[in-house]
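Participant: Quick one: sequence plus predicted model below, questions after.
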Amino acid sequence: MEIENFIPFYGQHCETTTVGNLLLHCGITLSEPMLFGLGEGLSFIYWDSKQMGFPFLGGRCKQDTLTEKLVNNLNLNIEVCQSTSKAKAWENVTSKIDVGIPVGLKLDCYYLDYFTNKVHFAGHYVTIYGYDDAFAYLVDTNQQGSNVRTSLLSLSDARSAKGPMSSANRSFTITGTKTIDLKDSIVLAIYNNAKEYLNPPIQNISHKGIRKTAKMIGSWFERPGMTPELITLAGTLMEKGGTGGGLFRNMYRDFLKECDELYPDLELNNSYKRFCTIAQMWTDVSNMICIAGETKDEKKLKDTSHILLEIASMEEEAMTQIFENITVHLHGIKVKI
């Protein structure tokens with residue numbers, strides 16, 4: 001069973017690619033940077049989990065919230081299903097596909113047949129649009145092959161996996177109208193994202209999290225169990241695995257550019273230019289982490305620390321300017337406290 005006339009949305013990041021597929025089926029076509037920005041996606045997290053074995057450097061908001069905020073900002077509807085029963089979880093999916101509705105899935109990509117880099121990461125998203133007796137037919141990111149398939153058994157294992165970032169067989173669908181007030185949605189999303197970025201609740205998030213990373217990264221080689229290979233992996237995941245690096249800053253940069261072109265009165269051009277510089281600096285950081293691991297060069301990590309401190313200050317200044325500029329456009333728009 002495959003959804004008739006299903007048209008895939010192709011993207012670089014798993015959650016925005018998945019949301020793009022679900023929205024496209026609703027008749028809503030938006031660019032991937034626009035989806036990221038409307039989902040209030042820009043953030044940062046330094047997450048040190050013993051279960052992962054190495055610090056996770058994430059460049060976006062936490063999993064699931066991007067989709068939920070985007071749906072809220074566009075006044076759409078989301079239906080989320082979770083179940084500890086594999087049979088019930090599969091029924092939640094097939095019941096939607098059988099009536100022509102694609103479904104977003106959150107899972108651990110380690111188990112998917114087509115993933116060659118076998119690392120446990122339970123915060124991955126795909127869209128399922130078809131299935132048969134043996135395989136599920138999915139849309140993943142461009143890096144993973146876009147139109148792919150995996151065995152039903154592997155999909156079941158991926159969806160029911162436990163560990164950091166996992167959700168019990170989470171699936172979701174989006175419904176709503178084709179008519180959206182894009183400018184109001186943009187203003188609200190930018191305001192909320194900037195406000196949250198500038199006021200992180202804990203020290204390992206946002207600009208404070210970047211500064212914490214700068215403090216910790218210089219001693220990674222002294223960390224028990226932190227091998228050079230894991231340091232290289234941390235850098236690789238940032239830039240090529242879609243967890244951080246320049247990817248999300250590139251997206252937010254392009255989001256600001258698109259907004260500026262659509263609505264010049266929002267005065268976002270200067271902020272866009274700032275993120276052009278910031279995005280490249282993040283790519284430099286991920287490359288330096290990889291080189292440090294490959295060459296076992298501790299000094300490279302200390303140099304990376306200095307760049308991170310500079311990035312933290314630049315991002316805080318950029319988001320402060322964005323917040324001040326966008327606040328004057330909030331009149332008449334309902335802001336949730």
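Facilitator: Good, I have the coordinates.

Participant: now residue 267: how far from residue 181?
Facilitator: 20 Å (CB to CB, to the nearest Å). In short, each C-beta sits where N, CA and C put it, glycine included.

Participant: ugh, wrong one, residue 221
Facilitator: Distance, residue 221 to residue 181, using CB to CB: 52 Å.

Participant: neighbour-wise, which of these two wins?
Facilitator: Between residue 221 and residue 181, counted using other CB atoms under 10 Å, the more crowded position is residue 221 (16 against 13).

Participant: Regarding that one, what is its secondary structure?
Facilitator: Per DSSP: H, G, I helix; E, B strand; the rest coil, the secondary structure class of residue 221 is helix.

Participant: Find the residue closest to it in space, skipping its chain neighbours.
Facilitator: Counting by CB to CB, 6 or more residues apart in numbering, residue 221 lies nearest to residue 298, which is 5.0 Å off, once chain neighbours are set aside.

Participant: Count residues in the vicinity of the one you found, would you?
Facilitator: 15.

Participant: for it, what are its contacts?
Facilitator: 218, 221, 292 (CB atoms under 8 Å, 6 or more residues apart in numbering).

Participant: how does it look with 10 Å?
Facilitator: 218, 219, 220, 221, 222, 231, 292 (CB atoms under 10 Å, 6 or more residues apart in numbering).

Participant: Could you find which two of those residues are furthest from each other?
Facilitator: The span of those, defined through CB to CB, is set by 222 and 292 at 13.1 Å.

Participant: more crowded one of the two?
Facilitator: Set residue 222 next to residue 292 and count neighbours by other CB under 10 Å: residue 292 wins out with 25 against 8.

Participant: Do me a favour and get the backbone dihedrals for the more buried one.
Facilitator: Torsion angles at residue 292 (phi, psi; degrees, to the nearest 10) stand at phi -60, psi -40.

Participant: Show the pLDDT at the nearest residue to it once chain neighbours are set aside.
Facilitator: Setting aside the residues directly before and after it, residue 292 is nearest to residue 300 in space (CB to CB, 6+ apart), at 3.7 Å. Among the per-residue scores, residue 300 shows a pLDDT of 94.

Participant: So for whatever helix or strand residue 300 lives in, what gets flagged as buried?
Facilitator: In this structure, residue 300 is located in helix 298-327 according to DSSP states H and E. Buried positions in helix 298-327, judged by neighbour count with 16 or more other CB atoms under 10 Å: 300-301, 303-305, 308, 311-312, 314-316, 318-319, 321-323, 325-326.

Participant: Count the residues that sit near residue 104.
Facilitator: Residue 104, neighbours per other CB under 10 Å, totals 24.

Participant: so what strands line up beside the helix or strand harbouring it?
Facilitator: Secondary structure assignment for residue 104, by DSSP H and E: strand 103-107. Note on strand 103-107: by DSSP bridges, its sheet partners are strand 124-131 (antiparallel), strand 171-175 (antiparallel).

Participant: No further questions, thank you.
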